[in-house]
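Trainee: no sequence on this one, just coordinates:
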């Protein structure tokens, strides 16, 4: 966690069900300090922590006060409720908010089944919600016999080291020749056939030609066992002999550099090729890639070993010089490190990084940029919404005032009309009273009209707020979709070595050890085969 840069986006979630015993208030088990550290520091690195328990008293008080979001269900005891209220009160005070303890206590006491109280320090007030009803057929812990019965006939899982995605993101396109199987000269020899003549010492060559010996990594008994498995039955070994076969070996290093894409990769290579002879040309495409270093090579042969004949095509120094140049050209033209590139995020995969790993890294980058963009959008709309809501509050206050004014005008009109009627019966000047009544009625009508206008203004503002909120949600959703689609568009980019970055540290004649095994199969036929010993 501490090796990651800080972020406000969620990178990972640590979830632990039933925390009882792992984070107690009094004892100090090994799990307590790491959990407390996560609760205090993890959010700064984009790591969330979710802990659950049936009894809040099982959780350390420091853990309670460092949790900003609470989901509270039915509590069985008053002690549990007091513990929760104490923790909420501490969290709210740290967030600079006042907690209505009595109201929260009432809400918690009234919670029903599958009903939870959500308290978030970033929200104005707690809310209650009900979870959906879920059916579970889980019967609880299983015995080993039950587990064995449940898994009968199922294929075993992949080993832990197996990659989840076998498609590499940065596949090494530097030479990966087809590895030949064990070199086998499967020639049935007639009974009494003479053994071929092999030299007991390597030929004498120019000092300009490097001669090395590959180490013997497979013993004679191991080679015989592999041959028996290959043949598919018991065999009778007639004889074994260690034979050195000549080949051309090139060992070196490739350097891939691209500073703009932060590529500075070195790759070692060791290629073994059959020497040219007759109509056969040496093709580095078919060379065998070896897992070997300079320090593994030997300077002398094993005792009692014999040597195969050296072709005339590789017994002179100029011939090796030409073959070395061919290898350099082949590596220069065919070696590369392939990177995956996201044009939207302007990110490249790292050498050796799989596509799955690269996509996971892109997801985090996209999530952080998406959150930043959504925050900017929300902040921009929040200003507009706040202005509209302030205006709506003023209009609602004006509406309430005009509603009260209309009610008052109605009462005045009724009183004035009543006075006019009474005055007419009492012989008073009714025309003046009638005029006053008419005036009150006009004022009431005007107030009613203004009330309707105010009500229309309030409704228009409410519609504007709804439209603006819908526009905000639409823009946020479009932003999410845009960043999600950005992860699907990947391109390949190849980094090739420069001429000077193809370094061949050793090129010469390699004597490759083989076991020459003579045996008879179950039918009594005699065979001789060569099995690689390196």
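Mentor: Ah, there it is. The structure presented is a predicted model; accordingly, all values stated were derived computationally and were not measured. Residues are numbered from 1 along each chain as shown.
Trainee: Could you check stretch 203-216 and say which residues are buried?
Mentor: By 16 or more other Cβ atoms under 10 Å, the buried positions in stretch 203-216 come out as 205, 209, 211-214, 216. In this view, the C-beta of every residue, glycine as well, is placed from N, C-alpha and C.
Trainee: and residue 396, which of the three is it?
Mentor: Per DSSP: H, G, I helix; E, B strand; the rest coil, the secondary structure class of residue 396 is helix.
Trainee: Can you tell me what sits against stretch 20-27?
Mentor: Residues from elsewhere that reach stretch 20-27, judged by Cβ atoms under 8 Å, 6 or more residues apart in numbering: 16, 29, 31-32, 35-36, 51, 53-55, 57-61, 63.
Trainee: between these, which is nearest residue 73?
Mentor: residue 54 (8.8 Å; Cβ to Cβ).
Trainee: Could you look up the next helix or strand downstream of the longest strand along the chain?
Mentor: Taking DSSP state E as the assignment, the strand of the chain that covers the most residues is strand 236-258. Going down the chain from strand 236-258, the next helix or strand is strand 263-273, by DSSP states H and E.
Trainee: List the buried residues of that next one.
Mentor: In terms of neighbour count (16+ other Cβ under 10 Å), strand 263-273 has its buried residues at 263, 265, 267, 269-273.
Trainee: which regions of the stretch 151-300 of the chain lie under the pLDDT threshold?
Mentor: 155-195, 278-279 (pLDDT under 70).
Trainee: ranges for the strands of it?
Mentor: Taking DSSP state E, counting those that start in this stretch as the criterion, the stretch 151-300 of the chain contains strands spanning 187-188, 210-213, 236-258, 263-273, 288-289.
Trainee: Neighbouring strands - and their directions - for the last one?
Mentor: Right, the one you point to is strand 288-289. strand 263-273 (antiparallel) (DSSP bridges).
Trainee: cool, the longest one as well?
Mentor: Using DSSP bridges, the strands paired with strand 236-258 in its sheet are strand 263-273 (antiparallel), strand 306-307 (parallel), strand 502-520 (antiparallel).
Trainee: Run the chain-centre distance for it.
Mentor: Chain-centre distance of strand 236-258: 40 Å, with Cα atoms, centre = their mean, to the nearest Å.
Trainee: Likewise for the last one?
Mentor: The gap between the average C-alpha position of strand 288-289 and the chain average comes to 33 Å, counting by Cα atoms, centre = their mean.
Trainee: Any regions of the protein where pLDDT drops low?
Mentor: 91-98, 155-195, 278-279, 402, 405-406, 408-451.
Trainee: Please, where are all the helices along it?
Mentor: 32-41, 61-65, 78-94, 101-109, 144-150, 220-231, 317-334, 355-426, 430-486 (DSSP state H).
Trainee: Mind putting those into JSON lines with mean neighbour count and distance to residue 252?
Mentor: Below are the helices of the chain laid out as JSON lines (neighbours: other Cβ atoms under 10 Å; distance: least, Cβ to Cβ, whole Å):
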{"stretch": "helix 32-41", "mean neighbour count": "16", "distance to residue 252": "46"}
{"stretch": "helix 61-65", "mean neighbour count": "18", "distance to residue 252": "57"}
{"stretch": "helix 78-94", "mean neighbour count": "17", "distance to residue 252": "62"}
{"stretch": "helix 101-109", "mean neighbour count": "14", "distance to residue 252": "72"}
{"stretch": "helix 144-150", "mean neighbour count": "9", "distance to residue 252": "53"}
{"stretch": "helix 220-231", "mean neighbour count": "15", "distance to residue 252": "30"}
{"stretch": "helix 317-334", "mean neighbour count": "16", "distance to residue 252": "8"}
{"stretch": "helix 355-426", "mean neighbour count": "15", "distance to residue 252": "28"}
{"stretch": "helix 430-486", "mean neighbour count": "15", "distance to residue 252": "40"}
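Trainee: Make TSV out of those helices and add distance to residue 288.
Mentor: Below are the helices of the chain laid out as TSV (distance: least, Cβ to Cβ, whole Å):
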stretch	distance to residue 288
helix 32-41	49
helix 61-65	59
helix 78-94	66
helix 101-109	72
helix 144-150	45
helix 220-231	18
helix 317-334	13
helix 355-426	28
helix 430-486	42
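Trainee: how about those helices, which one is nearest residue 509?
Mentor: Nearest to residue 509, of the helices of the chain and by Cβ to Cβ, is helix 317-334 at 7.5 Å.
Trainee: any idea how far the nearest residue to residue 306 once chain neighbours are set aside lies from residue 8?
Mentor: Of all residues not flanking residue 306 in the chain, residue 198 sits nearest, at 3.7 Å (Cβ to Cβ, 6 or more residues apart in numbering). In this view, residue 198 and residue 8 are 73 Å apart by Cβ to Cβ, to the nearest Å.
Trainee: Please apply the same query to residue 381.
Mentor: 19 Å.
Trainee: How about the contacts made by residue 317?
Mentor: By Cβ under 8 Å, 6+ apart, the contact list for residue 317 reads 206, 208-209.
Trainee: For residue 198 and residue 8, indicate the residue with more neighbours.
Mentor: residue 198 (14 against 11; other Cβ atoms under 10 Å).
Trainee: How about the contacts made by that one?
Mentor: 243, 306-308.
Trainee: Of those, keep whichever come out buried.
Mentor: 243, 306-308.
Trainee: Show me how the chain divides into domains.
Mentor: Using automatic domain parsing, the domain parsing of the chain gives 12-130, 187-336+500-532, 367-492.
Trainee: For the ones you listed, please prepare CSV with the additional fields distance to residue 352.
Mentor: Shown next, in CSV, are the domains of the chain (distance: least, Cβ to Cβ, whole Å):
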stretch, distance to residue 352
domain 12-130, 22
domain 187-336+500-532, 8
domain 367-492, 15
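Trainee: I'd like to know which of those domains lies nearest to residue 351.
Mentor: Residue 351 lies closest to domain 187-336+500-532 among those, at 4.2 Å (Cβ to Cβ).
Trainee: starting at the chain centroid, how far to that closest one?
Mentor: Distance of domain 187-336+500-532 from the chain centroid (Cα atoms, centre = their mean) equals 42 Å.
Trainee: Repeat that for stretch 372-380.
Mentor: On Cα atoms, centre = their mean, the centre of stretch 372-380 falls 25 Å from the chain's centre.
Trainee: Right, I'll leave it there.
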